[in-house]
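Engineer: What would the 3D arrangement of this be:
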Amino acid sequence: MKTSFVLPADIEPLSRDPKATSPGRRINLHHSMCFGCGADAPVGLRIDVIAGEGLTVSASMKVEDWMQGGPGVIHGGLLSTAFDEVMGTSPLLLRMPVVTGHLEIDYAKPIPLGSTVQFTGEILGGVRRKVYTRAVAHLGDPQEPVAAAHGLFIAIDLEKHFAGYRDRAVHPSGHQNGA
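Structural biologist: Residues are numbered from 1 along each chain as shown. Sure thing, here's the model as predicted:
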């Protein structure tokens, strides 16, 4: 797969935090109502991102009927969301919360409803608060990718970044904070 994504010349290697999630375990993320990973979201992808060795992750996603875009295949925007979830979770191996700065996807083949998409991802390096990642999706054969993505994620201070929004958060009960 070809992509136009270019890493910066001053990119530096990054190191896994000693307190990061152990390889083979689910990386626990922010909140249960997240569309990408939340178990309590009424509709969502429910992706479990699994820590790998070093700065790698893996995940899988069942392509359900409600995800349809073109006839019988996943909507490209939902695949984009899945890549965002997988790559945006990987910086937690650095113990660094991030938000998406740039996401670039190359779609190679249609992904049929009823299939299970497998993802592998890795952190490529960083520059100051920027973390560069990539991921590949396949349907069981890593040598036959159906899509690939690159991302740039920006490290944030969670409290500052989400100040003013937390009171709007929806809980599994369906109620907003303060409601």
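Engineer: quick one, what contacts Thr56?
Structural biologist: The contact partners of Thr56, by Cβ atoms under 8 Å, 6 or more residues apart in numbering, come to Ser90, Thr120, Gly121, Glu122, Ile123. The C-beta positions use only the backbone N, C-alpha and C, and glycine is treated the same way.
Engineer: can we see that at 10 Å?
Structural biologist: Arg16, Pro23, Ile50, Ser90, Leu93, Thr120, Gly121, Glu122, Ile123, Ala135 (Cβ atoms under 10 Å, 6 or more residues apart in numbering).
Engineer: partner residues bridging it?
Structural biologist: Glu122 (DSSP bridges).
Engineer: Could you measure from it over to Pro23?
Structural biologist: 9 Å (Cβ to Cβ, to the nearest Å).
Engineer: any common contacting residues for those two?
Structural biologist: Arg16, Ile50, Leu93.
Engineer: Now the last one: closest residue in space, sequence neighbours ignored.
Structural biologist: Meaning Leu93. Spatially, and ignoring its direct neighbours in sequence, Leu93 is nearest to Ala20 (4.6 Å; Cβ to Cβ, 6 or more residues apart in numbering).
Engineer: Likewise for the first one?
Structural biologist: The shortest distance from Arg16 to any residue other than its chain neighbours is 5.1 Å, reached at Leu93 (Cβ to Cβ, 6+ apart).
Engineer: residue ranges for the strands of this structure, please.
Structural biologist: Under the criterion DSSP state E, strands of the chain are mapped to 50-51, 56-62, 98-107, 116-127, 130-138, 145-155.
Engineer: Take these and write them to CSV, including distance to Gly164.
Structural biologist: Formatted as CSV, the strands of the chain follow (distance: least, Cβ to Cβ, whole Å):
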stretch, distance to Gly164
strand 50-51, 32
strand 56-62, 30
strand 98-107, 15
strand 116-127, 28
strand 130-138, 24
strand 145-155, 18
